[in-house]
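**Q** I'll drop the sequence and a predicted model, then ask my questions.
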Amino acid sequence: MSDNELPGASAGDEPQADVKPPHLDESVRRIGAAGKATLASARDTGRALRRLISADLALARSAMGRALAWVAVGIVFGASAWLLVVGALIAVLQRLGWSWLQSLSFAAVLSSVVTAVAVWRTIHYFECAGLHATRRQLARLGIGDEGEEEEDGKPGTPP
């Protein structure tokens, strides 16, 4: 194959010398038609994406409602199971010779300790959900820091 030949052309093919490029107005029409096709494709893609997001949000809403219902069932049965376990613990402590006051006090202290740990961890996770890093980055960009200006009492002054 020589440098003048096109790839895929056989040795018997003659180059076509009389092929002329289209006129300027035809090129503009082709570019306009391609632009319109691209815009229509982008519009269709946007519509499909909007429908997908809408359907996904509807599914998430439905799933969230059902999850909350099952969380409520879990809480009710978990609480009743805890009460039964504490009742059994009190009965075992009674068998071991503890008084009613000691048995009930031990169960109350145990429940209070578990509750305190749960409150501590809940506070920690709510603090993690505060989007602190995002808020710092938005404040650096000058977005969303209106509340800090009101706290200082002097609008526009840095803290």
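**A** Good, I have the coordinates. Numbers count the residues shown, from 1 in each chain.
**Q** just for this protein, where's the confidence low?
**A** Along the chain, the model assigns pLDDT under 70 to residues 1-17, 145-159.
**Q** next structured bit after the longest helix seen in it?
**A** Criterion DSSP state H: the longest helix present in the chain is helix 24-95. Note on helix 24-95: by DSSP states H and E, the next helix or strand toward the C-terminus is helix 100-128.
**Q** that next one vs helix 24-95, what angle?
**A** Comparing the axes of helix 100-128 and helix 24-95 via axes from the mean of the first three to the mean of the last three CA atoms, to 10 degrees yields an angle of 170 degrees.
**Q** give me the buried positions along helix 100-128.
**A** Across helix 100-128, burial judged by 16 or more other CB atoms under 10 Å covers 103, 107. The C-beta positions use only the backbone N, C-alpha and C, and glycine is treated the same way.
**Q** how about stretch 125-144?
**A** By 16+ other CB under 10 Å, stretch 125-144 has no buried positions at all.
**Q** can I get it as PDB, trimmed to CA atoms?
**A** Taking Å, rounded to 0.1, in the frame of the first residue of the first chain, the C-alpha atoms of stretch 125-144 are listed here in PDB:
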ATOM      1  CA  TYR A 125     -24.300  10.000  65.900                       C
ATOM      2  CA  PHE A 126     -26.600  13.100  65.600                       C
ATOM      3  CA  GLU A 127     -23.500  15.200  65.800                       C
ATOM      4  CA  CYS A 128     -22.000  13.100  63.000                       C
ATOM      5  CA  ALA A 129     -25.100  13.800  60.900                       C
ATOM      6  CA  GLY A 130     -24.700  17.600  61.300                       C
ATOM      7  CA  LEU A 131     -22.800  17.900  58.000                       C
ATOM      8  CA  HIS A 132     -20.100  19.900  59.700                       C
ATOM      9  CA  ALA A 133     -17.500  19.500  56.900                       C
ATOM     10  CA  THR A 134     -20.000  20.400  54.300                       C
ATOM     11  CA  ARG A 135     -21.000  23.500  56.200                       C
ATOM     12  CA  ARG A 136     -17.400  24.500  56.600                       C
ATOM     13  CA  GLN A 137     -16.800  24.200  52.800                       C
ATOM     14  CA  LEU A 138     -20.000  26.100  52.100                       C
ATOM     15  CA  ALA A 139     -18.900  28.900  54.500                       C
ATOM     16  CA  ARG A 140     -15.600  29.100  52.700                       C
ATOM     17  CA  LEU A 141     -17.500  29.700  49.500                       C
ATOM     18  CA  GLY A 142     -19.600  32.300  51.200                       C
ATOM     19  CA  ILE A 143     -22.800  30.200  51.000                       C
ATOM     20  CA  GLY A 144     -25.000  29.500  54.000                       C
END
